[in-house]
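Trainee: just coords:
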């Protein structure tokens, strides 16, 4: 009872929009404290109102600057903004970025903006689930926009933003690898593409290349992916980005795909959380267990193949 | 008994180096036939002799051409070579590549070379395990070198080549996104870096950038990652690549890290296979089960949060 009495106020403060309650909630989630999971359970019926926007793209294209500028734009409309940055190279992680120090510290002082970063290295699997929990907490806290920033052009990174309503891919002149990944079908087509650092002389070439890739997968009935040019450090093109996000939202709402998309993503999240818990449970059982160690040693000495060892491990798991 | 009698000859033919037996074994593994897993179990004690080399890097840098040229180089030393390509953009998948048609068909006619591709889209998780099984079958078939090609700069793609003894990252002038990913620590430093298409005027700039990144993580006691320039389509620099792979192999053997690396990778593979089986089992149970459907519907309607639904699913799993 004392335990519940201690937790109930946090949930209440969270849904009332208390910034410190949100910070505390995220710390609990990040440290995998059961109180964090319980908190999300409590506030979950209050979620679903925020607009979740995921940002992906290679490091160095200026995603954080872009998100900072977009935040300023969204604040003009009095929207409550939360930023979750999952990017080891992010200035939100490493401290203030040189050119953007003023813009970022503006946001730090603004009570309508909440910025939080999570480390990415190593834990990509479980991180995707933790990121969803944090996004749900931000949503429950009454944020209008939850901006999730991740990095990379691989599938694991894209999984993290997969529960977003709108996915923005940020590129810059020189993002040849990402263009090739889109072209080869290794990376899925996002909802909005931004070519940042558009003052670069190669911008036109990059935009043309992107347009060429999109033409290959064009669906006349579907959403027409806009290609925007921004110079985020100077705020240029950012109003157009805000508008494109609005338009995409309206489009999927009208087409009925927002509900579909959310339903599919939530189902995947449930399976994802279940899988990563199973894996963690299995690793915990395996660590330091002499029988498991012996089993793994037999694999290393080429006596027992990996698949048979996995079967034995699973059998032991379901019996233990 | 009939079943065993049918399988035993395949294992025998496989370890005798019969090309058709190897092809059949891979088809079994790829289609997730239990006979495939059993075959690998049987031949596993015969594995561990092949040199496993993993190739990663963004699409479009010419990895397949590079591997084709490397294969020709390795054949000069009478080595038996197997190539496993896991790359939706690969010419091994899509058919012959224009400029390399001659080189590839040379290999197709060479009994000392075995080339096989696997589709990557969608199944990155289970694919990593299937790729290991195929590599083990190639190893058991007496191949001296098993070259595994994958694509992308994300962690999921790198997991696939993680059981390689030597990892080669292929870049080209213009691979800015990959350089940034290395610099940001999003991508791990490989064992050998190749800048292909080295006839491009920006090659020097690219090599300098790569050198700059490597300087940041330089370990004076450890392996010094070589940066090679190749023009794979003309065979240039390929002998040097073969040499660098040799040298890396000698280095990790002398340092004792080859055994360590293989032990660590095999342990991860066991946990990986166990996890993906659990997930598949869970998905099979969930699909079409009315109770699970009802559970997922409650998540979509914001009644029950994803983590609690995952717990219920796991509980049901261990009771069922």
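Mentor: Looks like it came in fine. Since this is a predicted model, take the numbers as computed values, not measurements.
Trainee: Tell me the residues of the stretch 151-300 of chain A that contact chain B?
Mentor: Within the stretch 151-300 of chain A, the positions near chain B by Cβ under 8 Å from any Cβ of the partner chain are A:151-158, A:174-178, A:180-181, A:183-187, A:262-263, A:266-267, A:269-271, A:273-275, A:277-279, A:282-283, A:286, A:295-296, A:299-300. Every residue, glycine included, has its C-beta placed from N, CA and C.
Trainee: among the residues you listed, which are in strands?
Mentor: If you go by DSSP state E, those have nothing in strands.
Trainee: Going through these, which ones are buried?
Mentor: Neighbour counting with 16 or more other Cβ atoms under 10 Å in any protein chain shown marks A:151-158, A:174-178, A:180-181, A:183-187, A:262, A:266-267, A:269-271, A:273-275, A:277-279, A:282, A:286, A:295-296, A:299-300 as buried within these.
Trainee: could you give me the average pLDDT of the one helix or strand residue A:52 maps to?
Mentor: According to DSSP states H and E, residue A:52 maps onto strand A:51-56. Strand A:51-56 carries an average pLDDT of 94.
Trainee: Stretch A:286-301 too?
Mentor: pLDDT averaged over stretch A:286-301 gives 89.
Trainee: Show me how far that stretch is from its chain's centre.
Mentor: 36 Å (Cα atoms, centre = their mean, to the nearest Å).
Trainee: do stretch A:58-75 as well
Mentor: Relative to its chain's centre, stretch A:58-75 lies at 14 Å (Cα atoms, centre = their mean).
Trainee: quick one: is that stretch near chain B?
Mentor: Yes - Stretch A:58-75 reaches chain B (Cβ under 8 Å from any Cβ) through A:58-61.
Trainee: and these, which two are the farthest apart?
Mentor: Pairwise distances among the residues of stretch A:58-75 next to chain B were taken by Cβ to Cβ; the largest, 7.4 Å, belongs to A:59 and A:61.
Trainee: shared neighbours, the two?
Mentor: Common neighbours of residue A:59 and residue A:61 (criterion: Cβ atoms under 8 Å, 6 or more residues apart in numbering or on different chains): residue B:180.
Trainee: As a check, name the ranges of all strands in the stretch 51-200 of chain A.
Mentor: Along the stretch 51-200 of chain A, counting by DSSP state E, counting those that start in this stretch, strands occupy A:51-56, A:81-86, A:113-118, A:145-149, A:166-171, A:192-195.
Trainee: Direction included, what does the fifth one pair against?
Mentor: Using DSSP bridges, the strands paired with strand A:166-171 in its sheet are strand A:51-56 (parallel), strand A:192-195 (parallel).
Trainee: So for residue A:146, which of those strands sits nearest?
Mentor: Using Cβ to Cβ, the strands paired with strand A:166-171 put strand A:51-56 closest to residue A:146, at 4.9 Å.
Trainee: Columns distance to residue A:247 on top of the strands paired with strand A:166-171, output as JSON lines?
Mentor: What follows is these, written out as JSON lines (distance: least, Cβ to Cβ, whole Å):
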{"stretch": "strand A:51-56", "distance to residue A:247": "12"}
{"stretch": "strand A:192-195", "distance to residue A:247": "9"}
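Trainee: Tell me which of those strands sits nearest to residue B:191.
Mentor: Using Cβ to Cβ, the strands paired with strand A:166-171 put strand A:51-56 closest to residue B:191, at 27.8 Å.
Trainee: and stretch A:311-320, what's its mean pLDDT?
Mentor: Mean predicted confidence for stretch A:311-320 is 79.
Trainee: no wait, stretch A:222-232
Mentor: 95.
Trainee: now the biggest helix by length in chain A against strand A:51-56, angle please.
Mentor: Counting by DSSP state H, the longest helix found in chain A is helix A:257-286. On the basis of axes from the mean of the first three to the mean of the last three Cα atoms, to 10 degrees, helix A:257-286 is oriented at 60 degrees to strand A:51-56.
Trainee: Quick check: of the residues of stretch A:58-75 next to chain B, which has the highest neighbour count?
Mentor: Within the residues of stretch A:58-75 next to chain B, most neighbours by other Cβ atoms under 10 Å in any protein chain shown means residue A:58, with 30 neighbours.
Trainee: Show the contacting residues for the closest residue in space to it that isn't next to it in sequence.
Mentor: Nearest non-adjacent residue to residue A:58, counting by Cβ to Cβ, 6 or more residues apart in numbering or on different chains: residue B:177, 3.6 Å away. For residue B:177, the contact set (Cβ under 8 Å, 6+ apart) comprises A:58-60, A:153, A:174-178, B:58, B:153.
Trainee: mind checking pLDDT for residue B:177?
Mentor: 90.
Trainee: re earlier: taking strand A:81-86 as reference, get the angle to the strand holding residue A:52.
Mentor: 30 degrees.
Trainee: quick check: angle from strand A:51-56 to strand A:145-149?
Mentor: Using the same axes, to 10 degrees: strand A:51-56 against strand A:145-149 is 20 degrees.
Trainee: where does chain A have low pLDDT?
Mentor: A:1-8, A:87-106, A:108, A:119-126, A:152-159, A:319-320 (pLDDT under 70).
Trainee: quick one on the thing from earlier: now for the strands paired with strand A:166-171, which one comes closest to residue B:147?
Mentor: strand A:51-56 (30.4 Å).
Trainee: Wait, residue A:131 touches residue A:117, no?
Mentor: No - look at residue A:131 against residue A:117 with Cβ atoms under 8 Å: they stay out of range, at 11.1 Å.
Trainee: Can you give the domain ranges for chain A?
Mentor: A:1-46, A:47-270, A:288-319 (automatic domain parsing).
Trainee: just to revisit the earlier point, now the strands of the stretch 51-200 of chain A as a markdown table including mean neighbour count?
Mentor: As requested, those are exported to a markdown table (neighbours: other Cβ atoms under 10 Å in any protein chain shown):
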| stretch | mean neighbour count |
| --- | --- |
| strand A:51-56 | 26 |
| strand A:81-86 | 26 |
| strand A:113-118 | 20 |
| strand A:145-149 | 26 |
| strand A:166-171 | 26 |
| strand A:192-195 | 25 |
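Trainee: how about the ones you listed in CSV, adding distance to residue B:42?
Mentor: Converted to CSV, the strands of the stretch 51-200 of chain A look like this (distance: least, Cβ to Cβ, whole Å):
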stretch, distance to residue B:42
strand A:51-56, 44
strand A:81-86, 44
strand A:113-118, 45
strand A:145-149, 47
strand A:166-171, 46
strand A:192-195, 50
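Trainee: Those strands: which one's closest to residue B:75?
Mentor: strand A:166-171 (40.1 Å).
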